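Chemist: Here is my input, please return the structure:
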Amino acid sequence: MITVNNLSISFGPEHLFRDISFFIGKKDRIGLVGKNGAGKSTMLKTIYGIQEPTGGSVSKPKGTTLGYLPQEMKHNESNTVLEEAKLAFSEIEKLETEIESLTQALNEREDYESDSYAQLIIDLNEANDRLTIMGSSKVEENIEKILTGLGFESNDMDRQMNEFSGGWKMRVELSKILLLAPDILLLDEPTNHLDIESIEWLESFLANYDGSLLMISHDRLFLDKVTNRTIEISKGKVYDYKFSYSRYIKQRTEDLEQQREAYKNQQKYIEDTKKLIDKFRAKANKAAFAQSLIKKLDKLERIELDEFDSSQMNISFPPAPRSGKVVLKAEDLKKSFDGKIVFENVELSIGRQEKVAFVGKNGAGKTTLSRIIKGELSPDTGSIELGHNVKVGYYAQNQSEQLDEKKTVFETIDDIAEGEIRKQIRAMLGAFLFSGEDADKKVSVLSGGEKARLALCKLMLEPKNFLILDEPTNHLDLKSKEVLKNALIRFDGTLLVVSHDRDFLHELTTAIYEVKKDGLRQYLGDIFDFLKDKKAESIAEFEVDRDKKKQKKAEAQKPVENQQKLSYEERKDLQKQKRKLQNTVSKCEREIEKCEQRISTLDKELLNVDFSNPEESQGKLDEYAALKKKVEDLMKEWENAELELDGLPVPD
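Modeler: Okay, here's the model as predicted:
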């Protein structure tokens, strides 16, 4: 479907990648991986068409549609959810304009047997089909259907975007893409800011999506569940494997080992051959033999070792100053904004060297609660107290966005470092993969992952014994996440982490706290124990809801004893009205079926019509348009009749 051919992108003298090629086929589910700064996001932007390549091309068949979810989304914060989602349908306006233009072009031309005229008809049919798929007559209905599927309530539709957290805003952006039903999805870290339940929903959705997928993600489990192919960008080259991430890593390791072994054997062969050449070239009776060996070496195809970027962060948190036995105690906390309660009845106690996690749905108050613990926000009611000698280190969810983009990497750290640590800034930056000239880069040119690493570096400037980390893995590549996780496991202080990353939390924390509106719920054990319990609860809740619905429906169908009985004349009128509506429904269904059969016939006839006869060709085009309009009107009439039928009282 999409061919990337000899693509090169450079910024000044530096090449991000050069002459790389690959193909995205139908139903491909590709994970695009690589270190921060390798060029993954740039690749998506280039394929989508918002980044111009330095060389090479990206080609796709005419009519192929793309949906792009960027890493950093921009919305009109004053728009309502419904207004923002409607922006997806700007393509409908373009299609309607295109259809009008194509129809006019057909009317003005008389070269009915030419290939270009036939192409105009094909283009018109494709545009009409696309418009039908997008459901131009039911725009608002389709929007609400998708938004509801993504977890929005009906009363959320008129709320402004600035009232929602990052995860909910991402869902609005995702809804805009789903409404367009593109052939290929290009997703840049779609799980950032999503809660765990939403990630599991997205896994299921993408696994069943009818189109193709090219996705950047630093969530190992997510990649394994969704993708069937992995492309890694490393040092300007691409490595393409027909496996999901974990199997790819295993296979790549084996391939590299085989390559090294083959390289080693070839080097030994070359060395031995050179010795033979040196031995025989001076002897007259062996000179011809020596020359044949030289020619053989010249023709030898040399094995080149792949240059994978094996660099990784090398960090370790400073030893934590000793704190009191109780690090944090919170009682009866409540927080609301504009009269809307975020949470209440929160009770929490964390002891020295405990490692706990906050999880919960987007908007449940995880970040709000962590900011209250940090002291950035005050609760409406209740009390919160830090223990003796507690020194807090805080990493905000948007920490990387708060960096001054005008400063260099070195200046960012140098401006806040104090005392002896100033002598170690270069070494610290090197540990976070900012070595040499990288330390002099402006923050503005860094990738999302590089900014996240720099923000983490700031956290290491002085020893802390209580780390509060809000989504620290957002934007970090898989290797960096693993290094951070191991550093936190070794950290001898207390840890509170807000995260949606299941692989990151696994074996890191000893307790999980689910943040809910009515307080905290504690789960002792690992994140997967929590998810297992949640799934069991969800099934139980579903069964209870299902039984309630059955009971409610049965009660609604029971005749009410005290209901006033209808008179004979009222029953007669009701039956007459019911028959009339039923006849309307049946008539509409018959007419719709006839119209659709005729439309199907016309689709075939238009491909073979004799356009030397303008009256015949124009007549068929007019009939086609009229039938489409008739079907639309009949559908509305059918829906109205069905609604009236449902609203009629049941005769006693």
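
Chemist: Surely T509 is in contact with A357?
Modeler: Yes. Taking contacts as C-beta atoms under 8 Å, T509 lies within contact range of A357: 4.4 Å. In this view, the C-beta of every residue, glycine as well, is placed from N, C-alpha and C.

Chemist: Identify the contacts common to these two.
Modeler: 497, 527 (C-beta atoms under 8 Å, 6 or more residues apart in numbering).

Chemist: Distance check, the residue positioned nearest the centre of the chain against D332.
Modeler: Residue closest to the mean C-alpha point of the chain, counted by C-alpha atoms, centre = their mean, is P190 at 1.8 Å. Distance, P190 to D332, by C-beta to C-beta, to the nearest Å: 37 Å.

Chemist: returning to what we had before: in which helix or strand would I find the residue nearest to the centre of the chain?
Modeler: P190 is part of no helix or strand, with elements assigned from DSSP states H and E.

Chemist: Low-confidence ranges, this protein, go.
Modeler: Low-confidence segments of the chain, defined by pLDDT under 70, are located at 90-91, 133-138, 306-312, 535-569, 603-604, 606-617, 646, 649-652.

Chemist: Domain parsing of it, as residue ranges.
Modeler: Using automatic domain parsing, the domain parsing of the chain gives 2-94+137-248, 326-524, 568-647.

Chemist: Quick one: name whatever helix or strand follows the longest helix seen in the chain.
Modeler: Criterion DSSP state H: the longest helix present in the chain is helix 568-608. On the C-terminal side of helix 568-608, the nearest following helix or strand under DSSP H and E is helix 614-647.

Chemist: I'd like a version of the domains of the chain in JSON lines, one that adds distance to A118 as further columns.
Modeler: Shown next, in JSON lines, are the domains of the chain (distance: least, C-beta to C-beta, whole Å):
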{"stretch": "domain 2-94+137-248", "distance to A118": "15"}
{"stretch": "domain 326-524", "distance to A118": "48"}
{"stretch": "domain 568-647", "distance to A118": "8"}
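
Chemist: and of these, who's closest to S292?
Modeler: domain 2-94+137-248 (35.4 Å; C-beta to C-beta).

Chemist: which stretches of the stretch 301-450 of the chain form strands?
Modeler: 326-337, 340-351, 355-359, 381-386, 392-395 (DSSP state E, counting those that start in this stretch).

Chemist: The residue nearest to the centre of the chain: what's it in contact with?
Modeler: Neighbour list for P190: 69, 170, 174, 202, 215, 217 [criterion: C-beta under 8 Å, 6+ apart].

Chemist: okay, now A262: neighbour count?
Modeler: Counted by other C-beta atoms under 10 Å, the residues lying close to A262 total 12.

Chemist: you'd agree it is up against R302?
Modeler: No. Using C-beta under 8 Å, A262 is not in contact with R302, being 11.0 Å away.

Chemist: buried ones in the helix or strand hosting T132?
Modeler: T132 belongs to helix 115-134 when assigned by DSSP H and E. Residues of helix 115-134 classed as buried by neighbour count (16 or more other C-beta atoms under 10 Å): 117-118, 120-121, 123-124, 127-128, 130-131, 134.

Chemist: and which of the residues you listed is nearest to G647?
Modeler: Out of these, the member with the shortest distance to G647 (by C-beta to C-beta) is M134, at 30.3 Å.

Chemist: For E271, find the nearest of the domains of the chain.
Modeler: Closest among the domains of the chain, using C-beta to C-beta: domain 2-94+137-248, at 27.6 Å.

Chemist: hang on, the earlier thing: run the chain-centre distance for the longest helix of the chain.
Modeler: 43 Å (C-alpha atoms, centre = their mean, to the nearest Å).

Chemist: what does stretch 236-244 give?
Modeler: With C-alpha atoms, centre = their mean, you get 20 Å for stretch 236-244.

Chemist: pull the CA atoms of it into CSV?
Modeler: Output of stretch 236-244 as CSV, limited to C-alpha atoms (Å, rounded to 0.1, in the frame of the first residue of the first chain):
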residue,chain,number,x,y,z
GLY,A,236,20.4,5.7,9.9
LYS,A,237,19.5,2.2,8.7
VAL,A,238,16.3,0.1,9.0
TYR,A,239,16.1,-3.6,10.1
ASP,A,240,12.9,-5.3,9.2
TYR,A,241,11.6,-8.5,10.9
LYS,A,242,8.3,-10.3,10.5
PHE,A,243,7.8,-10.7,14.2
SER,A,244,6.3,-8.7,17.1
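
Chemist: So what touches that stretch?
Modeler: Under C-beta under 8 Å, 6+ apart, the answer for stretch 236-244 is 15-18, 20-22, 31, 39, 223-232, 247-248, 251-252, 306-307.

Chemist: Kindly report the same for stretch 193-206.
Modeler: Taking contacts as C-beta under 8 Å, 6+ apart, the residues outside stretch 193-206 that touch it are 29, 150-151, 165-167, 169-171, 174, 185, 190-191, 213, 215, 219, 222, 225-226, 359-362, 364, 397, 471, 474, 500, 502, 531, 534.

Chemist: Could you give me the buried positions within it?
Modeler: By neighbour count on 16+ other C-beta under 10 Å, the buried set for stretch 193-206 is 193-203, 206.

Chemist: Dump that stretch to CSV, keeping only the CA atoms.
Modeler: Listed next in CSV are the C-alpha coordinates belonging to stretch 193-206 (Å, rounded to 0.1, in the frame of the first residue of the first chain):
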residue,chain,number,x,y,z
HIS,A,193,-1.4,9.5,29.0
LEU,A,194,-3.8,6.6,28.7
ASP,A,195,-4.9,4.7,31.7
ILE,A,196,-4.4,0.9,31.9
GLU,A,197,-8.0,0.0,31.1
SER,A,198,-7.9,2.3,28.1
ILE,A,199,-4.7,0.7,26.9
GLU,A,200,-6.3,-2.7,27.0
TRP,A,201,-9.3,-1.4,25.1
LEU,A,202,-7.0,0.1,22.5
GLU,A,203,-5.1,-3.2,22.2
SER,A,204,-8.3,-4.9,21.4
PHE,A,205,-9.4,-2.3,18.9
LEU,A,206,-6.2,-2.2,17.0
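
Chemist: quick revisit: got a quick ChimeraX command for the buried subset of the contacts of stretch 236-244?
Modeler: Buried residues among the contacts of stretch 236-244 (16+ other C-beta under 10 Å), as a ChimeraX selection:
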select :15,16,17,20,22,31,39,223,224,225,226,227,229,230,231,232,248,252
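
Chemist: Would you list the phi and psi of the residue nearest to the centre of the chain?
Modeler: Geometry field for P190 lists phi and psi as phi -70, psi -20, criterion degrees, to the nearest 10.

Chemist: Please apply the same query to the one 3 residues further on.
Modeler: Recorded main-chain torsions at H193 are phi 80, psi 0, according to degrees, to the nearest 10.

Chemist: Skip the chain neighbours and tell me the closest residue to it.
Modeler: Excluding the flanking residues, the one nearest H193 by C-beta to C-beta, 6 or more residues apart in numbering is G166, at 3.8 Å.

Chemist: May I have the residues that are in contact with the one you found?
Modeler: G166 is in contact with 192-193, 362, 397, counting by C-beta under 8 Å, 6+ apart.
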